[in-house]
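> sharing a model that was predicted from the sequence below.
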Amino acid sequence: MNHREAIRSMAVDQYILDELEPEVRQEFEEHFFDCHECAADLTATAAFLDSTKVALCAEALRNRHTAAPKKSLFHFLFAPIFALPVYALLLLMTVYQYLVITPRLANEVAELKTPQILPVISLVGGNSRGALTPSVTLKKSQAFLINLDIPAKDGFSSYTCSLYSPAGSRVSVIEASAEQAKDTISIGVPPGTATSGTYTLKISGNQGHNSTKPGIDLATYHLQIKTQI
Amino acid sequence: MASPMFAAPPGQLMTGCSAKTSAIGFEERPPASKEVGTAAFARGRQGLQFVAFDDSYLERLRRGDSETEGHFVSYFSELIRLKLRSRLNSKEAIEDVRQETFVRVFSLIRSEGRLRQSDRLGACVNSVCNNVLLEHYRSRSRAESTLSNDADNVFVAPEPSAHRVLEENETKRMVQQILNQLTEKDRRLLQSVLLDERDKDEVCEEFGIKRDYLRVLVHRAKQSFKSSYLKRLAVTRTC
């Protein structure tokens, strides 16, 4: 092997990396023992790789000491693939609440503060046989009043008025004292409580204060509610 | 460790290795004794002068000039170690072969009519080293010990000189600078090959590169280091 061949084939680097075939290695050794340039290159390359090994070792030790902390059990919550859709959903909910829910609530509160004439359905006199079922027409989410005379009797300390929906579920309940039952009472039904259909109002009497016994049914009224779309 | 640096002093021609007429090397300042090999090397570089492997050099070796001997041993010790480190597993074995090589080479030099051509010094050392190595393989009946991690105090002074410390620090700084300029992939590649000592074919397959890539990477990375390293060796003065 001559010097030109050694340079062309990067023999120094191949030799240091132990990539030369045995015969070629021997030829290169014969060469660099006589060639000052290749001997210097070989020495410098060996020194470089030895120093690089030391530097990489030190770096590996430093990296081991500053290794990333163990991931918590819930680290996946912060992974983009999970976090982004969640954050987008939260943003959407916030915007909907701000643009839709809050103004609606504000309007409802404003309506409650504003004096208004409420529709009234009168059950005074009860549902006599053959009479038409009392009805009331409401605007959407409008409150209304039910006027009635409770059939008060002695022995009852209070009376429970329960309003049932057409489906049979109780939508509203209010208690009237014996004193209040002496006169015609007006029950205010909050807005949004009723939809179109025939409702049932049951009156029951309660014996004694804090009594655990169920009330005694005293009267049942039917009322028709119609809501405007 | 001592390394030769080559430059032509004023008035001297750099013939180059193609002519094989002379090799120019560094000569150390005179060591305290005529010890061959170990002691001369252990003293380390204290000063450098340009010399040529010419007839006068050979004559000084024959006469036992300590300064010339020190330089001769220092220069070829490095090359012998580089030759042997891929062939022998233990530092002790490398040292044995190195010592025996120099013993025989000096015997040849000082024997009448055995070595007359100064330009054959390098070939002579290499040839003798090969023979000693062959004999070592043949006579290897004892279990080879693995490379020891203990410091080789034969070659390294227990308290390195301030100059050596400065040189080592400068070397570290240069190497770190070069590593910082490499890509993360190249750094991991070097780490896999040099530090983890993994099989090179396996590493190349993992990184999706050819064997040439690694060679070119080393070749390019060492360039800036090499010029500075050899320049520093050239301008070293006695501390």
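Everything's here; your move.

> out of the helices and strands in chain A, which is least certain?
helix A:102-113 (a mean of 82; mean pLDDT, DSSP states H and E).

> using CSV, list the CA coordinates for that one.
C-alpha atoms of helix A:102-113 as CSV (Å, rounded to 0.1, in the frame of the first residue of the first chain):
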residue,chain,number,x,y,z
THR,A,102,-76.7,33.5,30.5
PRO,A,103,-78.8,35.8,28.3
ARG,A,104,-81.9,33.6,28.7
LEU,A,105,-81.5,33.5,32.5
ALA,A,106,-81.0,37.3,32.5
ASN,A,107,-84.2,37.7,30.5
GLU,A,108,-86.1,35.4,32.9
VAL,A,109,-84.9,37.3,35.9
ALA,A,110,-85.8,40.6,34.2
GLU,A,111,-89.3,39.2,33.5
LEU,A,112,-89.7,38.3,37.2
LYS,A,113,-88.8,41.7,38.3
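
> tell me the contacts of the residue most central in space within chain A?
The centroid of chain A falls nearest to A:Leu90 when counting by CA atoms, centre = their mean (7.1 Å). A:Leu90 makes no contacts at all, as judged by CB atoms under 8 Å, 6 or more residues apart in numbering or on different chains. Heads up, the C-betas are built off the backbone N, CA and C, glycines and all.

> A:Leu99 in helix, strand or coil?
For A:Leu99, the assignment made with DSSP: H, G, I helix; E, B strand; the rest coil gives helix.

> correction: the previous question concerned A:Thr45.
helix.

> quick one: it from A:Val109, how far?
Per CB to CB, to the nearest Å, A:Thr45 is found 84 Å from A:Val109.

> kindly report the same for B:Arg110.
The gap separating B:Arg110 from A:Val109 is 116 Å, by CB to CB.

> kindly report the same for A:Asp13.
With CB to CB as the criterion, A:Asp13 and A:Val109 are 83 Å apart.

> give me the more crowded residue out of these two.
Neighbours were counted for A:Asp13 and for A:Val109 using other CB atoms under 10 Å in any protein chain shown; A:Asp13 has more, 21 against 10.

> ok but the more buried one is inside a strand, no?
No - using three-state DSSP, the assignment for A:Asp13 is helix, not a strand.

> pLDDT value on it, please?
pLDDT recorded at A:Asp13 is 91.

> repeat that for A:Tyr87.
Turning to A:Tyr87, the model gives it a pLDDT of 88.

> now the biggest helix by length in chain B: buried residues?
For chain B, the longest helix by residue count, based on DSSP state H, is helix B:211-234. Applying a neighbour-count criterion of 16 or more other CB atoms under 10 Å in any protein chain shown, the buried positions in helix B:211-234 are B:214-215, B:217-219, B:221-222, B:225-226, B:229-230, B:232-233.

> where exactly do the helices run in chain A?
With DSSP H as the criterion, chain A has helices spanning A:3-8, A:11-16, A:22-32, A:36-65, A:80-96, A:102-113.

> quick one: the fifth one to chain centroid distance?
This points to helix A:80-96. 10 Å (CA atoms, centre = their mean, to the nearest Å).

> sorry, back to before: just checking, what packs against the least confident helix or strand of chain A?
Secondary-structure packing of helix A:102-113 (3 or more CB pairs under 8 Å, 6 or more residues apart in numbering or on different chains; DSSP states H and E): no helix or strand packs against it.

> quick one: neighbours of the closest residue to A:Val24 other than its chain neighbours, just the number.
Nearest residue to A:Val24 in three dimensions, chain neighbours excluded: A:Met1, at 7.2 Å (CB to CB, 6 or more residues apart in numbering or on different chains). By other CB under 10 Å, the residues close to A:Met1 number 19.

> distance of the residue lying closest to A:Ser196 once chain neighbours are set aside from chain B?
Closest residue to A:Ser196 apart from its sequence neighbours, by CB to CB, 6+ apart: A:Thr227 at 4.9 Å. The gap separating A:Thr227 from chain B is 70 Å, by CB to the nearest CB, to the nearest Å.

> name the SS class of B:Ser86, please.
coil.

> so what's the residue count around it?
11.

> same thing with A:Gln97?
A:Gln97: 11 neighbours (other CB under 10 Å).

> understood, closing this out.
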